[in-house]
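Student: Got a predicted structure here, sequence first:
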Amino acid sequence: MSTPAAPPTTRTVTNHIGGEELAAHGGETFPKHNPDTGEVHSRVARSRAEDVQQAVSTARTAQAAWAATTVAERGASIRRWAQLLERDAEALARIVATETGKAPGEALGEVGAAIEQGYFVAGEGRRFYGRTTTSAIPHRQAMTVRQPLGVAGLIIAANTPAANVAWKAFPALLCGNAAVLKAPEDTPETALAFARLADEAGVPPGVFNVIQGYGDEAGQPLVEHPDVAVVSFTGSTRVGRMIARVAGERLAKVCLELGGKNPLIVCDDADLEGAATAAVLSAFSNAGQRCAAGSRLLVFADVYDQFVELLVDKTRAQRVGPTDDDDFGPVINEGQLDQMLAAIGHAKADGARVLAGGERLDRPGYYLAPTLIEGATLGSDIACTELFGPIATLHRVTGFEDAIEAANASPYGLTAAIWTRSVHRGQEFVARSQSGVASVNGPTYGSEPHMPFGGERASGNGWREAGTEALDVYSDWKTVYVNHDPSQV
């Protein structure tokens, strides 16, 4: 049965297919709530397999002509797209802030990161390196060149919606693919704003398409579609495993950037004030909604009590709200908040102690107080499961070897950090940390457009996005031999 029509005061967020903004074929919508207030902010097209089929078919038709343009031309289109993002940065930041509950300044910073990603990827259109090498055969030239895959299915998370679109859409299009992006249910309007600017930048209709909807109703048909050559997904490990199975059945290329339960080690020679500041930022910035959040704090026994006192003070001083005077905002939806509260309750029942926070704030919206938990074992659910919220566990370790063992005692391997004044400890940590990113005397999060990001084990399947390495996700290598006959000169 179709959902009742939205009231006139509620905006409707549509699909964007072939340059047109379209309702779902069935006419259904679902409500998107403002995380700051809990009120309905918009109604969103509830797409299903029929809508995905239309988007993929449109993308497939548009892709050949797009691939036939030079990579420099495609880079120029992406540059224009980034310039328009820069022109409209404040307007886009307002959309991000409203959809996520972030402070305006934080949202504007996120849009800035998307712009920088656009400029970096556009510049790759003037590099796009292959390789020329020698051959063992006389009179033969050997080389490799990149070639597009076809249609890219892009599925992103809602935690940093503007940056997440940029990370996938820009390199996918630069490589000559057309794309269908399944927008997150919680940030649909951000994705639609990108599509409108792509049209204005001169990206041909059908090259970049946006589908709204739920994961099982719109995301899964995209993963299953036989004409989707590559699926790039950012989200939970559970869903990532499903995508790997489904897309793997038809031998599609799959890029998975999944969860994390990232350790931050505090050694007995650390700058404790700096380490506590970094730990608070790692655990609580963006309401802990970072795959790279520092949610396991491993502290040497000799400085444990001193560090915990600093950390608890800094945690209790965190200001929670949607303004630039606040440190972080709400979590993205009520379901996520309920899961976090349940996890805290289970940890307490198992004997863990809440040192700070642990409760929903008494105000509208989906706010959780910044939470520190002590006394949970490293193998407990609270210490092993990604919660994607402002929650961190504290663990006492006896020394460096114990800390390394504890840091690696996780199914995940995305990021890791250590605080120490010893260059020897820092270098040994970098060598032995089982993670895709390692940070010495910094937070667990933070990426730059020209640097690859991704993880090991349950945090990903080996591909990296951002950086030049992202081009490997969205292109295939072709080996080329050119033979010549000297007698014909």
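Tutor: Noted; the coordinates are in hand. Numbers count the residues shown, from 1 in each chain.

Student: Can you pull the phi and psi angles for Glu456?
Tutor: phi -110, psi 170 (degrees, to the nearest 10).

Student: Please name the bridge partners of it.
Tutor: Beta bridges link Glu456 to Gly413, judged by DSSP bridges.

Student: In terms of pLDDT, where does the residue lying closest to Leu149 once chain neighbours are set aside sit?
Tutor: Distances taken as Cβ to Cβ, 6 or more residues apart in numbering place Ala229 nearest to Leu149, at 4.0 Å, with adjacent residues excluded. Where you see a C-beta, it was placed from the backbone N, CA and C, and this is true even at glycine. Per-residue confidence at Ala229 stands at 98 (pLDDT).

Student: Same question for Val111.
Tutor: Per-residue pLDDT puts Val111 at 98.

Student: wait, doesn't the residue nearest to Leu149 sit right on Gly150?
Tutor: Yes. Assessed by Cβ atoms under 8 Å, Ala229 is found in contact with Gly150 at 3.8 Å.

Student: list residues touching both of those two?
Tutor: Shared contacts of Ala229 and Gly150, defined by Cβ atoms under 8 Å, 6 or more residues apart in numbering, comprise Asn177.

Student: now the helices for the stretch 1-150 of the chain?
Tutor: 49-68, 71-87, 89-100, 104-124 (DSSP state H, counting those that start in this stretch).

Student: three-state assignment of Ser282?
Tutor: Taking DSSP: H, G, I helix; E, B strand; the rest coil as the rule, one finds Ser282 in the helix state.

Student: who's in contact with it?
Tutor: Going by Cβ under 8 Å, 6+ apart, Ser282 touches Asn262, Leu264, Ala292, Ala293, Gly294, Ala392, Ala417, Pro443, Thr444, Tyr445.

Student: Buried ones among those residues?
Tutor: Burial by neighbour count, 16 or more other Cβ atoms under 10 Å: within those this picks out Asn262, Leu264, Ala292, Ala293, Gly294, Ala392, Ala417, Pro443, Thr444, Tyr445.

Student: check contacts around the last one.
Tutor: Under the criterion of Cβ under 8 Å, 6+ apart, the contact list for Tyr445 reads Leu281, Ser282, Ser285, Arg290, Ala292, Ala293, Gly294, Thr415.

Student: how would you label the residue nearest to Leu149: helix, strand or coil?
Tutor: When classified by three-state DSSP, Ala229 comes out as strand.

Student: Run through the residues that contact it.
Tutor: Counting by Cβ under 8 Å, 6+ apart, Ala229 touches Leu149, Gly150, Val151, Ala152, Asn177, Ala252, Lys253.

Student: which stretch of helix or strand covers Trp167?
Tutor: Assessed by DSSP states H and E, Trp167 sits inside helix 161-174.

Student: Any idea how far that helix is from the middle of the chain?
Tutor: Computed by Cα atoms, centre = their mean, to the nearest Å, the chain-centroid distance of helix 161-174 equals 10 Å.

Student: before we move on, what about stretch 270-285?
Tutor: Taking Cα atoms, centre = their mean, one finds stretch 270-285 lying 22 Å from the centre of the chain it belongs to.

Student: how about the strands in the stretch 251-400 of the chain?
Tutor: 253-257, 262-266, 294-300, 353-356, 371-374, 391-397 (DSSP state E, counting those that start in this stretch).

Student: contacting residues around the first one?
Tutor: By Cβ under 8 Å, 6+ apart, the surrounding residues in contact with strand 253-257 are 149, 229-234, 240, 243-244, 247-248, 291, 453-455, 459-461, 463, 465, 473.

Student: Where helices are concerned, which of those count?
Tutor: Here DSSP state H is the test, and these give Gly240, Ile243, Ala244, Ala247, Gly248, Val473 as lying in helices.

Student: which among the residues you listed end up buried?
Tutor: The neighbour count (16+ other Cβ under 10 Å) marks Gly240, Ile243, Ala244, Ala247, Val473 as buried among those.

Student: Reformat these as TSV; add distance to His139 and pLDDT.
Tutor: TSV is the format used below for these (distance: Cβ to Cβ, whole Å; pLDDT from 0 to 100):
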residue	distance to His139	pLDDT
Gly240	48	97
Ile243	46	97
Ala244	44	97
Ala247	42	96
Val473	36	98
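
Student: Nearest to Ala114 among these?
Tutor: Nearest to Ala114 among these is Val473, at 17.8 Å by Cβ to Cβ.

Student: ok, the residue lying closest to the closest one once chain neighbours are set aside - how many residues close by?
Tutor: Counting by Cβ to Cβ, 6+ apart, Val473 lies nearest to Cys255, which is 4.6 Å off, once chain neighbours are set aside. Residues lying near Cys255 (other Cβ atoms under 10 Å) number 25.

Student: Tabulate the helices of the stretch 1-150 of the chain in a markdown table, adding columns for distance to Glu309.
Tutor: Shown next, in a markdown table, are those (distance: least, Cβ to Cβ, whole Å):
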| stretch | distance to Glu309 |
| --- | --- |
| helix 49-68 | 53 |
| helix 71-87 | 44 |
| helix 89-100 | 33 |
| helix 104-124 | 28 |
